[in-house]
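Enquirer: give me the fold of what follows.
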Amino acid sequence: MSRNKSSPGTDGGFALYPGDNAAGEGSIHCHGLAWSNNPHHSESRYKGNNIFYISMYDHLYTRGYVRNVPGAPMCGCIDKMPVVSRSDCTQVDVTELWVATYTPADSTAGTSASFSFGLDPENGVDIKFNACQGANNRNNDLEAYYKRLFLEGKASAEEFSKIQQTLVGNGNCQQKIDEFVVTRGFEKIQ
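Expert: Numbers count the residues shown, from 1 in each chain. Model prediction:
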């Protein structure tokens, strides 16, 4: 909760949800997206479309997800999210059809040469929303997708390291909980 003091009903503090699924508080669905640091790359230019697709269409309209985990935002950047084992991931696959038109000068008509370049007005953009294709064939996994962005030079090592502080990997949550409570002055009694 201290990562996002503006979450409903909280002003800091922390909450622990040990266990997973039936052995814990029940299943929780985490979903994320990431994009290239290059503002001209299609992942960056169409990130708003991806956010809308995930939050409004896929999660709200299709699946009916309407509640957040207490103390966590329903939607936000990873530095505001709680520590979790993993997160699903959606990427945009974009096809753009660009049209270039050259019109030569016509001395009889008195027109000069012109050149235009732009997206085709009818079929210019096709956006597909797919499970992220992560590194090492780990698909639909935000950490693996961010690793792929890092390996392709689209994200920094520092950013990838920060992602791994929140997405700790399957089976590692209890260890992170144990490490965290010690930083708050508590001692785990076996």
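Enquirer: and residue 177, how many neighbours?
Expert: Residue 177 has 17 neighbouring residues, counting by other C-beta atoms under 10 Å. Every residue, glycine included, has its C-beta placed from N, CA and C.
Enquirer: please name the nearest non-neighbouring residue to the spatially most central residue of the chain.
Expert: Centroid-nearest residue in the chain: residue 33, 1.4 Å away (criterion: C-alpha atoms, centre = their mean). Excluding the flanking residues, the one nearest residue 33 by C-beta to C-beta, 6 or more residues apart in numbering is residue 50, at 5.1 Å.
Enquirer: quick check: mean pLDDT across the host helix or strand of that neighbour?
Expert: In this structure, residue 50 sits in helix 47-52 according to DSSP states H and E. On average, the pLDDT along helix 47-52 is 95.
Enquirer: packing partners of that helix?
Expert: If contacts are counted by 3 or more C-beta pairs under 8 Å, 6 or more residues apart in numbering; DSSP states H and E, helix 47-52 sits against strand 88-96.
Enquirer: so for the next helix or strand after the strand it packs on, mean pLDDT?
Expert: As assigned by DSSP H and E, the chain's next helix or strand after strand 88-96 is strand 98-103. Averaging pLDDT along strand 98-103 yields 94.
Enquirer: list the contacts of strand 98-103.
Expert: With contacts defined as C-beta atoms under 8 Å, 6 or more residues apart in numbering, strand 98-103 is touched by 111, 113-120, 124.
Enquirer: how does it look with 7 Å?
Expert: By C-beta atoms under 7 Å, 6 or more residues apart in numbering, the list of residues contacting strand 98-103 from outside reads 113-120.
Enquirer: so the residue nearest to residue 33 versus residue 32, what's the distance?
Expert: Counting by C-beta to C-beta, to the nearest Å, the gap from residue 50 to residue 32 is 10 Å.
Enquirer: more neighbours, the two?
Expert: Taking neighbours as other C-beta under 10 Å, residue 50 and residue 32 compare with residue 32 leading, 23 against 19.
Enquirer: which residues touch the more buried one?
Expert: 78, 87, 89, 142.
Enquirer: can you tell me, leaving aside adjacent residues, what's nearest to it?
Expert: Of all residues not flanking residue 32 in the chain, residue 142 sits nearest, at 4.1 Å (C-beta to C-beta, 6+ apart).
Enquirer: report the separation between the one you found and residue 84.
Expert: Taking C-beta to C-beta, one finds residue 142 at 10 Å from residue 84.
Enquirer: same question, residue 106
Expert: 65 Å.
Enquirer: cool, and residue 170?
Expert: Residue 170 is 10 Å from residue 84, by C-beta to C-beta.
Enquirer: next one: residue 158
Expert: 20 Å.
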